[in-house]
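In: Quick one, fold the following:
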Amino acid sequence: MRPDRLLAGLGLALLLAGPAIAAPDAEKLYVEHCAACHLEARTGGQGPALLPVSLGRIKKAEVVATIRDGRPATQMEGFSAKLSGEEIEALAAFVLSEPKVQPSWSLADVAASREVHPAPAATKPVWNADPMNITVVVEAGDHHVTILDGDRFEPITRFASRYALHGGPKFTSDGRYVFFGSRDGWITKYDLWTLTVTAEVRAGLNMRNIALSSDGRTVAAANYLPSTLVLFSAEDLTPITALDVADAKGTPSRVSAVYQAPERKSFVAALKDVGEIWEISTEGATPSFTPRRIAVEEPIDDFFFDQGYRHLLGASRDGTKAVVVRLDDGQTVATLPLPGMPHLGSGISFLRDGKRVIAAPHLKEGKISIIDPETWTVTDTITTSGPGFFLRSHEDTPYVWADAMMGPAKDGMQIIDKRTLEIVRVLTPAPGKIAAHTEFDRSGRHAFVSVWDMDGELVVYDASTFEIVKRLPMKKPVGKYNVWNKITFSEGTSH
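Out: Sure, this is the predicted structure:
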């Protein structure tokens, strides 16, 4: 065909096809519809931060559904009547994309975010229940917290929390105050006696967890973004200092987690990207908070501590082994083969035949490893119905409760005899729905199991007979935390 006829044919085809439809301008849509609540830098304001590091494992389909339908019981409206399906898809892709410039969050920003709300004067709780048997339930489905009477199994109150609480709340030794940390950096101090928020501050843009010092004076926050460890006065969340986290060579690192080490009067921090562990002393009237650097061969995190906090057991990044570090001198004293990605952070310890052992689930295998902390060897392996995430027990029960939520048998809760290490029962709180995260009441006589679903439940079991005592409807109750078990560091509870 002659070139002039080919060009003429192409022109006619383009004319018949009509004008090209431009793709939605996602950034413009964001500024118009989202920035008022989430801020132009996507760092979060009234609404949560909309950054990939903050949204975590949330899939695009979930983001699309939230933009389209909104979130019940929140200020997040649905946009199905205002935006086309293509525009909603573009917005979802935009908030899941990395920003052109990573936002910053300085100590001045931290201080400026703080709000204080003095609690009413009180010499005792305004409610009638055992203050040491209160259980705090985090409901991720609609971002609320339920305060539960652990004797009557009745809610005392339920209130809206910050977006995506993470890492477990921390309690003062008298059981009056609880501190919550959210994925997008907010720390909330809540007075359980008067049922009021007393202070809030934003420690970072993406926070992993918080810890409360053994003397109750200092709160530490572990951040991914920025790479900082921030310390606050527990009294009113006034920021004290922000430590820029980097190894001795200056290589920056995210902070995987920070832990209280009560016998050592210190915080211990896991660093995600460098071969160091940090210990920060909280001892003395005015601690310097200068980190002590403990060198390790490779980055390790997901820590477990033995009794007395003499040793730290940390998982390697390749998910095949764990390293034991003696904290007094920083020496690596053992390496344990633990294939299948051990989840040490939810490990527990208990007495078996008068000897203490450590139990840890595996995230990629249906196994639980039993470890002897005297010889640092794996002595037994329990085969389960699938990979699990949480283990729980109590010093006054002969059983360990283990989920299999990472595998096909996700609706089963396995009951393991501490003496024989055999599975003696499998409970199914709600067939077809995830059963996970057991917590006990103060006495160990009752166990609370979560049904992880928007139309979920908190199922109360008799811990001896395994009979269901009560079902409480809840919105995806991901975690439960009993005041007494937490402040006494119960042997069956992760710390």
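
In: which residue packs closest to Thr238, ignoring adjacent ones?
Out: Excluding its sequence neighbours, the residue lying closest to Thr238 (C-beta to C-beta, 6 or more residues apart in numbering) is Phe232, at 6.4 Å. No exception for glycine: its C-beta is placed from N, CA and C like everyone else's.

In: count of residues packed around the one you found?
Out: The tally of other residues near Phe232 (other C-beta atoms under 10 Å) stands at 27.

In: how about the CA coordinates for whichever strand or helix holds it, as CSV?
Out: Using DSSP states H and E, Phe232 maps to strand 228-233. These are the backbone C-alpha positions of strand 228-233, laid out as CSV (Å, rounded to 0.1, in the frame of the first residue of the first chain):
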residue,chain,number,x,y,z
THR,A,228,13.8,6.7,65.4
LEU,A,229,13.4,5.5,69.0
VAL,A,230,11.4,8.2,70.8
LEU,A,231,11.2,8.5,74.6
PHE,A,232,8.4,10.2,76.5
SER,A,233,7.4,11.1,80.1
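
In: State the next helix or strand along the chain beyond it.
Out: Downstream of strand 228-233 (by DSSP H and E), the next one is strand 239-244.

In: Run through who's touching that next one.
Out: 106-107, 110-111, 114, 201, 218, 226-233, 252, 280, 289, 291 (C-beta atoms under 8 Å, 6 or more residues apart in numbering).

In: Could you list the buried residues of it?
Out: 239, 242-243 (16 or more other C-beta atoms under 10 Å).

In: Could you measure from Phe153 over to Phe489?
Out: Distance of Phe153 to Phe489, computed by C-beta to C-beta, to the nearest Å: 24 Å.

In: And these two? Which one has more around it.
Out: Between Phe153 and Phe489, Phe153 has the larger neighbour count (other C-beta under 10 Å), namely 17 against 12.

In: The more buried one contacts Leu472, correct?
Out: Yes - at 6.9 Å, Phe153 and Leu472 qualify as touching, with contact defined as C-beta atoms under 8 Å.

In: Overlap in contacts, these two.
Out: Contacts common to Phe153 and Leu472, judged by C-beta under 8 Å, 6+ apart, are Val460.

In: Which strand or helix spans Tyr30?
Out: helix 26-33.

In: What are the buried residues along the next helix or strand after that helix?
Out: Per DSSP H and E, the first helix or strand lying C-terminal to helix 26-33 is helix 35-38. Within helix 35-38, the residues that count as buried by 16+ other C-beta under 10 Å are His38.

In: how about the helices in the protein?
Out: 3-17, 26-33, 35-38, 52-55, 60-69, 85-95, 107-113, 483-487 (DSSP state H).

In: Please identify the deepest-packed of the ones you listed.
Out: Stretch with highest mean neighbour count among those: helix 483-487 (a mean of 22; mean count of other C-beta atoms under 10 Å).

In: could you give me the average pLDDT of that one?
Out: Averaging pLDDT along helix 483-487 yields 97.

In: which strands and helices sit next to that helix?
Out: In terms of contacts (3 or more C-beta pairs under 8 Å, 6 or more residues apart in numbering; DSSP states H and E), helix 483-487 is packed against strand 134-139, strand 170-171.

In: between those, which gets nearest to Tyr481?
Out: strand 134-139 (4.8 Å; C-beta to C-beta).

In: If any of the contacts of strand 239-244 are buried, give me the PyMOL selection for them.
Out: Buried subset of the contacts of strand 239-244, written as a PyMOL selection, criterion 16+ other C-beta under 10 Å:
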select buried, resi 110+114+201+218+226+227+228+229+230+231+232+280+289+291
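
In: what's the spacing between Ser54 and Val95?
Out: Ser54 sits 10 Å away from Val95, taking C-beta to C-beta as the criterion.

In: Kindly report the domain assignment for the chain.
Out: Domain ranges of the chain: 22-95, 107-487, per automatic domain parsing.

In: which one of the ones you listed is the most hemmed in?
Out: Comparing the domains of the chain by mean neighbour count (mean count of other C-beta under 10 Å), domain 107-487 comes out on top with a mean of 19.

In: Which residues does Leu336 form beta bridges with?
Out: Ala322 (DSSP bridges).

In: That one contacts Ala315, doesn't it?
Out: No - counting by C-beta under 8 Å, Leu336 stays clear of Ala315, with 9.8 Å between them.

In: joint contacts of the two?
Out: Counting by C-beta under 8 Å, 6+ apart, the residues touching both Leu336 and Ala315 are 321-322.

In: For the stretch 151-300 of the chain, which segments count as strands?
Out: All strands of the stretch 151-300 of the chain, identified by DSSP state E, counting those that start in this stretch, fall at 154-160, 170-171, 177-181, 186-191, 196-202, 206-212, 218-225, 228-233, 239-244, 255-261, 266-271, 276-281, 292-295, 300-305.

In: which sections of this structure are below the confidence cut-off?
Out: Scanning the chain with the threshold set as pLDDT under 70 gives 1-21, 46, 56-57, 72-74, 495.
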